[in-house]
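Visitor: Fold the following.
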Amino acid sequence: MKIYPLKSIPLAVLTIAIASSAQAAGLTNLSEGFDNVSGLPPAWAFVNNSSPPPLIPPATWTQGDTNISNFAGQSGGINSFTQVGITSTSADTGGTVNNWLITPELDFSGGGTLSFFARTFLGNTRAEYIEVRQSTAGDSTDVGTSATSVGDFTSLIGTVGSLDAEISPGGSFPGALPSNNAWALFTFTISPTAGSGRLAFRYFATDGGVNGTQAQYAALDSVNYTAVPEPTSIAGLLMIGGVATAYRLRKKVVKA
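Guide: The predicted structure follows:
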């Protein structure tokens with residue numbers, strides 16, 4: 001009886017199986033509690049394109065400060081969150097706030113789930129908005145250069161805000177009502193797209209400034225993204241398991 005080399009057959013099949021289970025570029029899991037905003041991995045990006053620009057640039061998303069917010073982080077230490085607000089623009093009124101916090105590159109090939117906590121301070125009477133936007137352009141952080149541009153982040157996943165009955169999806173996060181003095185959880189489903197990209201939190205307003213009606217203060221904490229494995233990845237792992245089993249059985253037959 002002809003006996004085939006035991007190693008050659010599994011090796012070829014394993015190569016195919018591993019290739020079929022290869023993941024797209026980008027993180028499949030992201031969890032950030034903002035214990036140290038200035039020490040975030042360099043893959044995070046901050047861009048403030050507000051107009052007129054801030055008095056003291058860059059005035060991007062910064063470390064949480066209970067002296068400003070009068071509340072503690074959703075988890076971790078009391079200042080363990082990130083905040084943004086009125087200093088985004090130097091306008092008196094009518095300033096356009098366009099202040100971005102951008103995640104590292106993420107895997108969107110099988111879709112995923114994004115969750116985070118957001119809020120404003122108790123007694124805030126201004127309208128506050130945080131847009132969740134998506135780019136599918138790999139590691140690009142291009143948000144354009146103007147106060148209204150979005151660059152590669154053309155997909156609006158959703159908007160959360162206060163004092164607005166038209167927020168969709170998810171309702172509003174805590175605004176002026178004392179009964180809402182708490183962090184609110186928001187969850188968004190990210191649809192599958194080819195390859196990878198980034199998600200962004202865009203603090204946006206059209207009447208920002210010292211005496212404006214929008215963009216006084218907003219805070220963000222406990223950002224989590226979990227990718228859904230691609231069907232091809234699952235199939236590849238199953239194939240590897242099947243090859244391993246077949247290899248063990250073949251060894252037993254040959255020895256017999």
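Visitor: Following element in sequence after the particular helix or strand that has A118 in it, please.
Guide: A118 is part of strand 112-119, with elements assigned from DSSP states H and E. Secondary structure here is assigned by DSSP H and E; on that basis, the next helix or strand after strand 112-119 toward the C-terminus is strand 129-135.
Visitor: per-residue confidence averaged over that next one?
Guide: Here strand 129-135 scores 95 as its mean pLDDT.
Visitor: How about stretch 89-103?
Guide: When the per-residue pLDDT values of stretch 89-103 are averaged, the result is 98.
Visitor: try stretch 154-161
Guide: For stretch 154-161, the per-residue pLDDT values average out at 90.
Visitor: buried set for that stretch?
Guide: When burial is assessed from 16 or more other CB atoms under 10 Å, stretch 154-161 yields the following buried residues: S155, I157, G158, T159, V160, G161. For the C-beta atoms, the positions are set from N, CA and C on the backbone; glycine is no exception.
Visitor: show me where the chain has helices.
Guide: Across the chain, reading from the start of the chain, the helices by DSSP state H fall at 8-20, 66-69, 231-255.
Visitor: Mean pLDDT lowest where, among those helices?
Guide: Taking each of the helices of the chain in turn, the lowest mean pLDDT turns up on helix 8-20, with a mean of 42.
Visitor: roughly how far apart are the residue positioned nearest the centre of the chain and S69?
Guide: Among the residues of the chain, the smallest C-alpha distance to the mean C-alpha position (CA atoms, centre = their mean) belongs to L199, namely 4.3 Å. Note on L199: its distance to S69, by CB to CB, to the nearest Å, is 24 Å.
Visitor: and stretch 27-40, how far out from the chain's middle?
Guide: Averaged C-alpha coordinates place stretch 27-40 at 10 Å from its chain's average position (CA atoms, centre = their mean, to the nearest Å).
Visitor: Quick check: closest non-adjacent residue to R133.
Guide: Taking CB to CB, 6 or more residues apart in numbering, and ignoring the residues beside it in sequence, R133 has F153 as its nearest neighbour in space, at 4.0 Å.
Visitor: how deep is the one you found tucked in, by neighbour count?
Guide: Using other CB atoms under 10 Å, F153 is surrounded by 27 other residues.
Visitor: so it touches R202, yeah?
Guide: Yes. Taking contacts as CB atoms under 8 Å, F153 lies within contact range of R202: 7.4 Å.
Visitor: quick one: common contacting residues for these two?
Guide: In the contact map built from CB atoms under 8 Å, 6 or more residues apart in numbering, the residues linked to both F153 and R202 are R133, V143.
Visitor: Output the buried residues of stretch 154-161 as JSON lines; include the columns distance to P58.
Guide: Output for these, formatted as JSON lines (distance: CB to CB, whole Å):
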{"residue": "S155", "distance to P58": "25"}
{"residue": "I157", "distance to P58": "25"}
{"residue": "G158", "distance to P58": "26"}
{"residue": "T159", "distance to P58": "24"}
{"residue": "V160", "distance to P58": "24"}
{"residue": "G161", "distance to P58": "23"}
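Visitor: Against A182, how distant is G64?
Guide: Using CB to CB, G64 is found at 15 Å from A182.
Visitor: And these two? Which one has more around it.
Guide: Neighbours per residue (other CB under 10 Å) separate G64 from A182, with G64 holding more: 26 against 13.
Visitor: As CSV, could you dump the C-alpha coordinates of stretch 149-157?
Guide: Provided in CSV are the C-alpha atoms of stretch 149-157 (Å, rounded to 0.1, in the frame of the first residue of the first chain):
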residue,chain,number,x,y,z
SER,A,149,-16.3,69.4,6.8
VAL,A,150,-16.3,65.7,7.8
GLY,A,151,-13.6,64.5,5.4
ASP,A,152,-13.6,60.7,5.2
PHE,A,153,-16.1,60.4,8.0
THR,A,154,-19.1,60.6,5.7
SER,A,155,-21.2,58.0,7.5
LEU,A,156,-23.3,59.3,10.4
ILE,A,157,-24.0,56.4,12.7
